[in-house]
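**Q** Structure of the sequence below:
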Amino acid sequence: MLRLLRKEYWEELRDFAVQSPPKFKIFCVLFIFIANIAGTTPFPQEIFEEFYFLKIWTWSLLANVVFVFTMSLCFFIPLEIAVKTKSKIRYFLSPLVASLLVPIGFFASWFFVCIGTEFDSGSYGYPLWAVDHSIIDFIQPVSDAANLDNLGYFFWAYNGLWAPMLGLSLMVFSSVPVPKQDDSLTGARGWPLSEVEQTQKKRFIAYVVFLFIFVYFEWYRLFK
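**A** Predicted coordinates:
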């Protein structure tokens with residue numbers, strides 16, 4: 001983690017993200033969308049009721065920029081670990097890094113939503129709506145009616161924290177080959193990636209089927 005304090009690390013990460021194949025850039029957009037849904041409507045039965053995950057993009061331009069930037073970091077930092085590591089343990093644990101980084105991104109973007117948006121909010125758990133909203137309110141970074149008491153809604157996002165981590169793990173395990181013993185004798189791993197073996201693809205399909213069945217029945221049990 002001390003590497004995050006070095007300027008060289010951020011330069012390497014920037015180059016890693018820029019040089020990543022188009023597929024991984026699409027994965028990054030998908031990851032941001034998953035984090036957007038999970039952070040605003042973490043319970044499945046509410047996703048298509050109020051459409052918070054869409055409406056929140058109209059509240060604060062600055063918060064949108066912060067959210068996209070921080071979630072991009074939350075995607076590429078664990079991905080770089082998975083791509084460059086020669087250790088199987090670090091490879092399989094790399095998606096867990098997202099569970100540490102995503103809350104930071106959630107909090108940063110929600111902070112800018114709170115200082116730039118006037119809300120009509122009741123007690124916690126009551127729907128939170130932006131009021132008197134216009135293009136000016138969307139563009140201006142700070143609102144005169146900002147209320148930092150609404151920062152408490154940030155903890156709502158923790159209910160959906162598992163989703164970005166799960167999504168990232170599926171992207172990594174399906175597209176980044178598992179390190180081999182021979183890799184320790186060669187140079188550093190990186191772009192371009194070698195082809196994912198058929199065995200890994202079969203295990204990935206089995207993993208997806210298991211997760212789908214597990215998540216579906218858990219959601220059904222909890223929210224029926």
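**Q** can you map out the strands along the chain?
**A** Taking DSSP state E to define them, one finds strands in the chain at 119-120, 129-130.
**Q** Which of those strands comes out lowest on mean pLDDT?
**A** Here these differ in mean pLDDT, and the lowest is strand 129-130 at a mean of 63.
**Q** Output the below-cut-off pLDDT ranges for this protein.
**A** 1-2, 4, 42-46, 120-133, 145, 159, 181-192, 194, 212, 215-224 (pLDDT under 70).
**Q** What segments of it are helices?
**A** Shown for the chain, the helices assigned by DSSP state H span residues 7-19, 22-40, 52-55, 61-84, 88-93, 96-116, 135-139, 162-175, 198-223.
**Q** Ala146 is nearest to which of these?
**A** Closest approach to Ala146 among the helices of the chain is made by helix 96-116 (4.6 Å; CB to CB). For glycine as for every other residue, the C-beta is placed from the backbone atoms N, C-alpha and C.
**Q** now for that closest one, which elements pack on it?
**A** helix 22-40, helix 61-84, helix 162-175 (3 or more CB pairs under 8 Å, 6 or more residues apart in numbering; DSSP states H and E).
**Q** so which of the ones you listed gets nearest Val142?
**A** helix 61-84 (8.9 Å).
**Q** So for that closest one, what gets flagged as buried?
**A** 61-64, 66-68, 70-84 (16 or more other CB atoms under 10 Å).
**Q** May I see the helices of the chain organised as CSV, with distance to Leu151 added?
**A** Shown next, in CSV, are those (distance: least, CB to CB, whole Å):
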stretch, distance to Leu151
helix 7-19, 27
helix 22-40, 14
helix 52-55, 17
helix 61-84, 13
helix 88-93, 31
helix 96-116, 6
helix 135-139, 19
helix 162-175, 20
helix 198-223, 27
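**Q** Asn150 is nearest to which of those?
**A** Judged by CB to CB, the one of these that comes nearest to Asn150 is helix 96-116, at 4.9 Å.
**Q** got the CA positions of that closest one in CSV?
**A** Taking Å, rounded to 0.1, in the frame of the first residue of the first chain, the C-alpha atoms of helix 96-116 are listed here in CSV:
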residue,chain,number,x,y,z
LEU,A,96,-10.7,-7.7,-2.7
VAL,A,97,-8.7,-4.4,-3.1
ALA,A,98,-11.8,-3.0,-4.7
SER,A,99,-13.7,-3.5,-1.4
LEU,A,100,-11.2,-1.1,0.2
LEU,A,101,-11.1,1.5,-2.5
VAL,A,102,-14.8,1.7,-3.6
PRO,A,103,-16.0,3.1,-0.3
ILE,A,104,-13.5,5.9,-0.6
GLY,A,105,-14.8,6.7,-4.1
PHE,A,106,-18.4,6.5,-2.9
PHE,A,107,-17.7,9.0,0.0
ALA,A,108,-15.7,11.4,-2.2
SER,A,109,-18.4,11.7,-4.9
TRP,A,110,-21.2,11.8,-2.3
PHE,A,111,-19.5,14.6,-0.5
PHE,A,112,-19.5,16.7,-3.6
VAL,A,113,-23.2,15.8,-4.2
CYS,A,114,-24.0,17.0,-0.7
ILE,A,115,-22.2,20.4,-1.0
GLY,A,116,-23.6,21.0,-4.5
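**Q** looking at the helices of the chain, which is closest to Gly152?
**A** Closest approach to Gly152 among the helices of the chain is made by helix 96-116 (9.7 Å; CB to CB).
**Q** who touches Val209 in this structure?
**A** Going by CB atoms under 8 Å, 6 or more residues apart in numbering, Val209 touches no other residue.
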